[in-house]
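A.B. asks: When you get a sec, could you give me coordinates for this:
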Amino acid sequence: MTKGGDFRLKKLATAFMLVLGIVLLIMRFQLQQKEQLHTSQSQKLKENKANYLFETVIPKISKDAGILVASTGKNIIDSFDEKYPDKSVLKTELLDNLNGRSDESPAIAIMGDNVQGVTLNEVSQNESDNNDLVILMRNPETDEYLITIDMSENCATDERFRNAKSEALGKPTEGIKGQFADKLFYQAYEDLTRKNKTFTFWSYLDVMPDKAWYSDVFNMDSTELVNLKAYFLKYNVDLESLRSFEFLTADKIYRYEDYFGVPVKLRNGTYTKEDMPIVIISGFNLLDQLKFYPDMNSNLQNYDIEIKIENERFLTYKAQNEIFSIVIIVMFIMLFLYTHEHHRKSTK
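C.D. replies: Numbering: from 1, shown residues only. Now for the predicted structure:
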């Protein structure tokens, strides 16, 4: 081939490469635009699911748990009123038990009878530990809240009453586990006792180490729902990421004074530290409870379907874009070879 032919061949190759590059750049730009739109739409769907879960589903289940708490509290009050016409007898009995001076108490038995076997929405026995009732009481002699009634099999110990430290850490040497996320537990315990919150959550159940959210749950220390919602979004609104959590709806038997009429605070706002409040807690596992709310469960599943469709739509477009890119490259090569061969024959 002559020098002139080489030059024309280089010009032809450059032209083909330039046109091919422009076409591929346009396709790449379209893919990026489509990806940005997909990311935005996918995130919006996830936010809609998270909003629905945290603003509609959880509040509804918590409201039902609150009804259970109120009815249990009323039953306990009615039993106390009937069995202890002299409230001072009841107070002495409870104080002696909380402080280890006695290990017999019909009053403790009354509270236990009102809690035993009771679960939110009558969850089956296999799931009852994560959906049952717990009762806390404040010991005015030590200024410490104690877990007084807890029928859960998965946290049973040889201690008659458990304090926060015992519940958080358990007794590993005796095979008794504590809370999985102990920092989160301490915050939730503070919510239920000192802060008078009526809703909080902890993670007693373990998270398997192979789960992506293992470290986040283990190190969690905030009981603010906005932070749990952010965590939920981080893990692609996967309900499995909430499996270990137990949501807690609670209230005291009389909020501003105890059963015996001792106020929680003086008029100047300081704590009396003489009251003996009883805190009733209805815990529930979200995934267990969703079985009893078919409409809300179905709505959550519909969000998952929409998210899946959006992902599949983008992946299909991306695959088509890649295939078209390969086809165009092959076509340009074949066209270049054909043009080059035709040009070579015509110059002979």
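A.B. asks: use CA for all of it now, contacts and neighbours both
C.D. replies: Will do.
A.B. asks: mind listing the helices in the stretch 51-200 of the chain by residue range?
C.D. replies: Along the stretch 51-200 of the chain, counting by DSSP state H, counting those that start in this stretch, helices occupy 58-83, 87-98, 106-115, 164-169, 182-193.
A.B. asks: need those in CSV with mean pLDDT, can you?
C.D. replies: Converted to CSV, the helices of the stretch 51-200 of the chain look like this (pLDDT from 0 to 100):
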stretch, mean pLDDT
helix 58-83, 97
helix 87-98, 96
helix 106-115, 94
helix 164-169, 88
helix 182-193, 95
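A.B. asks: Switch these over to CSV; also include distance to Val327.
C.D. replies: CSV is the format used below for those (distance: least, CA to CA, whole Å):
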stretch, distance to Val327
helix 58-83, 51
helix 87-98, 79
helix 106-115, 70
helix 164-169, 62
helix 182-193, 55
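A.B. asks: Compute the number of surrounding residues for Asp86.
C.D. replies: By the criterion of other CA atoms under 10 Å, Asp86 has 11 neighbours.
A.B. asks: same deal with Ile305?
C.D. replies: Neighbour tally, Ile305, other CA under 10 Å: 12.
A.B. asks: can you check the one 3 residues further on too?
C.D. replies: Using other CA under 10 Å, Lys308 is surrounded by 12 other residues.
A.B. asks: The one 3 residues further on too?
C.D. replies: Number of residues near Asn311 (other CA under 10 Å) recorded here: 16.
A.B. asks: With Phe324 as the reference, measure out to it.
C.D. replies: Using CA to CA, to the nearest Å, we find Asn311 at a distance of 20 Å from Phe324.
A.B. asks: Out of the helices of the stretch 51-200 of the chain, which is the most enclosed?
C.D. replies: Neighbour counts (mean count of other CA atoms under 10 Å) averaged over each of the helices of the stretch 51-200 of the chain peak at helix 182-193, with a mean of 21.
A.B. asks: What's opposite the nearest residue to Gly283 once chain neighbours are set aside in the beta bridge?
C.D. replies: In space, and not counting its chain neighbours, Gly283 is closest to Leu248: 4.4 Å by CA to CA, 6 or more residues apart in numbering. With DSSP bridges as the criterion, Leu248 is bridged to Thr200, Gly283.
A.B. asks: ok, the residue nearest in space to the middle of the chain - contacts?
C.D. replies: For the chain, the residue sitting closest to the mean C-alpha position, by CA atoms, centre = their mean, is Leu242 at 3.4 Å. By CA atoms under 8 Å, 6 or more residues apart in numbering, Leu242 lies in contact with 232, 286-287.
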